[in-house]
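S.K.: Sequence unavailable; structure follows:
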């Protein structure tokens, strides 16, 4: 009976990681879909040739790549950089440097999730591994 939870988590760790990857990708993709297509309750779209347009492209297509397990590390790297830029450009200020105060906690939470994806890659159920028989990025 000792460490039952630990044994269960260890047994299903690969499946749990895929669930993590897919959830992070789907949630991130939605932010891009709001910016690019006006979906999910957005009040409109952004100019494609703007910083917000670039963010929308990275969010949508980076999130999609992460969901599919296609060049996951590359998508996670681009997405992590995007979230750092978002935090420091939109949220951070010397007057409000705490993420809970400047409303930047989501950008930093995504940044942390993308660091995990960057280190661990796609895991199981990856289109990259199906098509290329290995993970390139």
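M.R.: Alright, I've got the coordinates. Everything quoted here is computed from the prediction, not taken from an experiment.
S.K.: drop to CA atoms for contacts and neighbour counts, all remaining ones
M.R.: Will do.
S.K.: Which residues does stretch 119-132 contact?
M.R.: Under the criterion CA atoms under 8 Å, 6 or more residues apart in numbering, residues 14-15, 17-18, 21, 66, 68-73, 134-137 lie in contact with stretch 119-132.
S.K.: Just the residues you listed: which are in helices?
M.R.: 14-15, 17-18, 21, 66, 68, 72-73 (DSSP state H).
S.K.: ok, so of the residues you listed, who is nearest residue 31?
M.R.: Nearest to residue 31 out of the ones in helices among the contacts of stretch 119-132 is residue 66 (CA to CA; 14.0 Å).
S.K.: any idea how far residue 92 is from that closest one?
M.R.: Here the criterion is CA to CA, to the nearest Å. By it, residue 66 lies 27 Å from residue 92.
S.K.: what residue ranges in this structure score low on pLDDT?
M.R.: For the chain, the stretches flagged by pLDDT under 70 are 1-2.
S.K.: Measure how buried residue 89 is and give me the count.
M.R.: 10 (other CA atoms under 10 Å).
S.K.: shouldn't residue 111 be in contact with residue 84?
M.R.: Yes: look at residue 111 against residue 84 with CA atoms under 8 Å: they come within range, at 6.8 Å.
S.K.: Between those two, point out the one with more neighbours.
M.R.: residue 111 (21 against 16).
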